[in-house]
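[1] Need coordinates for the following:
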Amino acid sequence: MSELTDDERSGAPAHDPQPASHAVGAAHASAARAFSRKEQGSGPRREAQAGAKPGQVYGALDLGTNNCRLLLARPSRRGFRVVDAFSRIIRLGEGVSQSGQLSDAAMRRTIDALRVCATKLARNDVVRARCVATEACRIATNGRDFLRRVEGEVGLKLEVLDRETEASLAVSGCASLIDYRADYVLVFDIGGGSSELIWLDLSREGKDSLDAAGERRSGVKPKVGAWTSLPVGVVTLAERFGGHDVSAECFEDMVAYVSSLVRPFEALHGFRNRANGGNLHLLGTSGTVTTVAGIHLGLKRYDRARVDGCWLSIQEIQKVTYELLACSYQERVAEPCIGQERADLVLAGCAILEAILRMWPAERLRVADRGLREGILATLMSEDGVYRVGRRRRRQRSS
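    Numbering: from 1, shown residues only. Sure, this is the predicted structure:
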């Protein structure tokens, strides 16, 4: 299981210890050039596998529609340990759903954030990293041009993930939080421009993956029953229906819209009937679910240690949702687990979550403050033979 710093929650109001500025532009450029000479990529490399050491630092950069997030970690006996992190809301996809293009202002904000990431990658002497972009760069007509600009100005080469790879890495990143005693698990990631839904069928293979203590055996991957990527996220939904002042009627319109996108996926695979009456749980990895969990727990400051891995009943989730719906915009801003940067997006996220809960009724949901970046790190370390989840636990049992 990975260990993250408290300020590194997906989609939270970001703690930004190093705001980009023109004054440090030269330092950023120098650091980016230094890192660009190092290993940067995704696939297994013979030279990386041969020279990788357990103490070396790996990196994962996720450039999303709403956030730019970086995670740097060293392999450890419990998976990996985070040594540095960065998160900033950049709203790269702002306006893309209407114009089809990334705006100049959004690209400038994003480049400023990426310069900070390049500095951190170079400063920590990262041996290998994978830098990815998701929905905003997938759908914007100038998305590829923007990434070429990033490579030229910042020195970071970002790959555009396809939706299937994004979903697979998200599952890998939060696999340790899956209850493998369940028959079915729905893993979902509510993003800024898209939302991934992954059904895991554990009804047969899942039971064979458990050890004597009811925990997943090392190296056993959950079976994906079906997956989809919905073309809707918190940014695009808020732009379509409004996020500043949201009435009960507007909220129901959002839920209905998302439900119309979910319905064909359910009609094709029929998980609602298969999971009905069975042992089912949901696993949410997104800023929406971590925000809801933080509010439910009454946190005065977001605390990842209390949120990541916690269980919420569906009634608890819906209580928070409808309390937020009754709040004014300024009241949402004042909520410490929301803040000004997300106050106009949180109800859009709640509407996507509510559509999921209505389509697939369950008793409980587990909250994951981990996902794509953790999946990238685990994959890179596994390829280099330095990722060893569960080794210490097995030794303790045998002694």
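
[2] State the phi and psi torsions of Gly152.
    Gly152 has phi and psi values of phi -70, psi -40 when expressed as degrees, to the nearest 10.

[3] Against Leu114, how distant is it?
    Counting by C-beta to C-beta, to the nearest Å, the separation of Gly152 from Leu114 is 12 Å. From N, CA and C alone the C-beta is placed, and that goes for glycine too.

[4] Those two: which has the busier surroundings?
    The neighbour comparison of Gly152 against Leu114 (other C-beta atoms under 10 Å) goes to Leu114, with 27 against 8.

[5] what's Ala362 in contact with, if anything?
    The neighbourhood of Ala362, defined by C-beta atoms under 8 Å, 6 or more residues apart in numbering, consists of Leu186, Ala275, Leu280, His281, Leu282, Ile314.

[6] I'd say the last one and Trp360 touch.
    No. Judged on C-beta atoms under 8 Å, Ile314 makes no contact with Trp360 at a distance of 10.4 Å.

[7] Give me the more crowded residue out of these two.
    Each of Ile314 and Trp360 has its neighbours counted (other C-beta under 10 Å); Trp360 has more, 20 against 14.

[8] Find me the pLDDT at the more buried one, would you?
    On pLDDT, Trp360 comes in at 94.

[9] which residues touch it?
    Neighbouring residues of Trp360 by C-beta under 8 Å, 6+ apart: Leu186, Glu266, Phe271, Arg272, Ala275, Leu280, Leu282.

[10] Check Glu323 too.
    Ile295.

[11] And it, which helix or strand is it part of?
    helix 314-325 (DSSP states H and E).

[12] I'd like the distance from that helix to the chain centre, please.
    Chain-centre distance of helix 314-325: 22 Å, with C-alpha atoms, centre = their mean, to the nearest Å.

[13] Quick check: next helix or strand after that helix?
    Helix 314-325 is succeeded, C-terminally, by helix 329-334 (DSSP H and E).

[14] Contacts for that next one next, please.
    By C-beta under 8 Å, 6+ apart, helix 329-334 touches His244, Asp245, Leu324, Ile338, Gly339, Gln340, Ala343, Asp344, Val346, Leu347.

[15] I'd like to know how many residues surround the fourth one.
    Translated: Ile338. Counted with other C-beta under 10 Å, Ile338 comes out at 24.

[16] just for the chain, where's the confidence low?
    Applying pLDDT under 70 to the chain flags residues 1-54, 204-221, 277, 389-399.

[17] what about the longest helix in it?
    Ranked by residue count under DSSP state H, the longest helix found in the chain is helix 248-269.

[18] how about whatever helix or strand comes next after it: buried residues?
    Next along the chain after helix 248-269, taking DSSP H and E as the criterion, comes helix 271-275. Neighbour counts over helix 271-275 (16 or more other C-beta atoms under 10 Å) mark Phe271, Arg274, Ala275 as buried.

[19] Please apply the same query to stretch 174-182.
    Applying a neighbour-count criterion of 16+ other C-beta under 10 Å, one finds Cys174, Ala175, Ser176, Leu177, Ile178, Asp179, Tyr180, Ala182 buried in stretch 174-182.

[20] For those, give me CSV that also has distance to Ile295 and secondary structure.
    Compiled in CSV, those are given as follows (distance: C-beta to C-beta, whole Å; DSSP: H, G, I helix; E, B strand; the rest coil):
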residue, distance to Ile295, secondary structure
Cys174, 21, coil
Ala175, 26, helix
Ser176, 25, helix
Leu177, 20, helix
Ile178, 24, coil
Asp179, 24, coil
Tyr180, 29, coil
Ala182, 26, coil
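
[21] out of these, who's nearest Asp303?
    Proximity of the buried residues of stretch 174-182 to Asp303 was ranked by C-beta to C-beta; the top entry is Leu177 with 16.9 Å.

[22] what's the distance between the nearest residue to the closest one once chain neighbours are set aside and Ile198?
    Among residues not flanking Leu177 along the chain, Ala368 sits closest, at 5.1 Å (C-beta to C-beta, 6 or more residues apart in numbering). In this view, Ala368 and Ile198 are 12 Å apart by C-beta to C-beta.

[23] How about Asp62?
    Noted for Asp62: a distance of 17 Å to Ile198, by C-beta to C-beta.

[24] what about the residue lying closest to Leu261 once chain neighbours are set aside, how many neighbours?
    With sequence-adjacent residues excluded and distances taken as C-beta to C-beta, 6+ apart, Leu261 is closest to Leu230, at 4.9 Å. Counted with other C-beta under 10 Å, residues neighbouring Leu230 total 20.

[25] hang on, Leu230 packs against Arg263?
    No. Between Leu230 and Arg263 there is no contact under C-beta under 8 Å: 10.8 Å.

[26] Restrict the host helix or strand of Arg128 to CA atoms and write it as CSV.
    Using DSSP H and E, Arg128 sits in strand 126-133. Only the C-alpha atoms of strand 126-133 are listed here, as CSV (Å, rounded to 0.1, in the frame of the first residue of the first chain):
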residue,chain,number,x,y,z
VAL,A,126,14.1,10.8,-10.7
VAL,A,127,15.4,7.6,-12.4
ARG,A,128,12.2,6.9,-14.4
ALA,A,129,8.9,8.7,-14.8
ARG,A,130,5.7,8.5,-16.8
CYS,A,131,4.0,11.8,-17.6
VAL,A,132,0.5,11.6,-19.0
ALA,A,133,-2.4,13.8,-20.2
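
[27] which other helices and strands contact it?
    Here strand 126-133 touches helix 46-51, strand 57-63, strand 159-160, helix 372-383, going by 3 or more C-beta pairs under 8 Å, 6 or more residues apart in numbering; DSSP states H and E.
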